[in-house]
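> coords please:
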Amino acid sequence: MVKIRLSRFGSAHNPHYRIVVADARRPRDGGYIENLGHYDPRKTTENYLKVNVERSQVWIAQGAQATQTARRLLKSQGVKF
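Residues are numbered from 1 along each chain as shown. Below is the predicted model:
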């Protein structure tokens, strides 16, 4: 199964996440199929959330399942489920 989920990167005590399309069997920070955007939960910059809406909708149409957090972030950017 293909999932849209968050993959952590950044240093200790400074989390940043990539919004990625990955096989559900892969580890959280393992390899992924496509990078759809990024998210900074600390909101340290003006551009703390960026999502490629068109590619996200393509993956959802192909059957990719978003995790709860990824779904919330994608909905905030206008992605339809």
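> Need the residues that contact stretch 54-70.
1-6, 19, 21, 34, 36-37, 74, 79-81 (Cβ atoms under 8 Å, 6 or more residues apart in numbering). Backbone N, C-alpha and C define where each C-beta goes, glycine included.
> and the residue nearest to D23 when sequence neighbours are not counted, how far is that from V58?
Distances taken as Cβ to Cβ, 6 or more residues apart in numbering put V2 closest to D23, at 6.3 Å, once the chain neighbours are dropped. In this view, V2 and V58 are 12 Å apart by Cβ to Cβ, to the nearest Å.
> quick one: buried residues of the helix or strand hosting L6?
According to DSSP states H and E, L6 maps onto strand 2-9. Applying a neighbour-count criterion of 16 or more other Cβ atoms under 10 Å, one finds K3, I4, R5, L6, S7 buried in strand 2-9.
> swap in stretch 46-62?
Neighbour-count burial for stretch 46-62 [16+ other Cβ under 10 Å]: L49, V51, N52, S56, W59, I60.
> what ranges do the strands span in the chain?
Remark: strands assigned in the chain by DSSP state E are 2-9, 16-23, 34-39, 49-51, 65-66.
> Now the fourth one: average pLDDT?
Strand 49-51 comes out with an average pLDDT of 97.
> mind listing what that strand pairs with, with the direction of each?
Here strand 49-51 is paired, per DSSP bridges, with strand 34-39 (antiparallel).
> List the contacts of the partner strand.
4, 6, 16-21, 48-52, 55-56, 59, 73.
> Enumerate every residue touching the most centrally placed residue in the chain.
Centre of the chain computed as the mean C-alpha position; nearest residue by Cα atoms, centre = their mean is I19, 1.8 Å away. I19 sits next to I4, R5, L6, N35, L36, G37, H38, Y39, V51, A70, L73, L74 when contact means Cβ under 8 Å, 6+ apart.
> one more time with 10 Å, if that's ok
4-7, 32, 34-39, 49-52, 56, 66-67, 69-70, 73-74, 77 (Cβ atoms under 10 Å, 6 or more residues apart in numbering).
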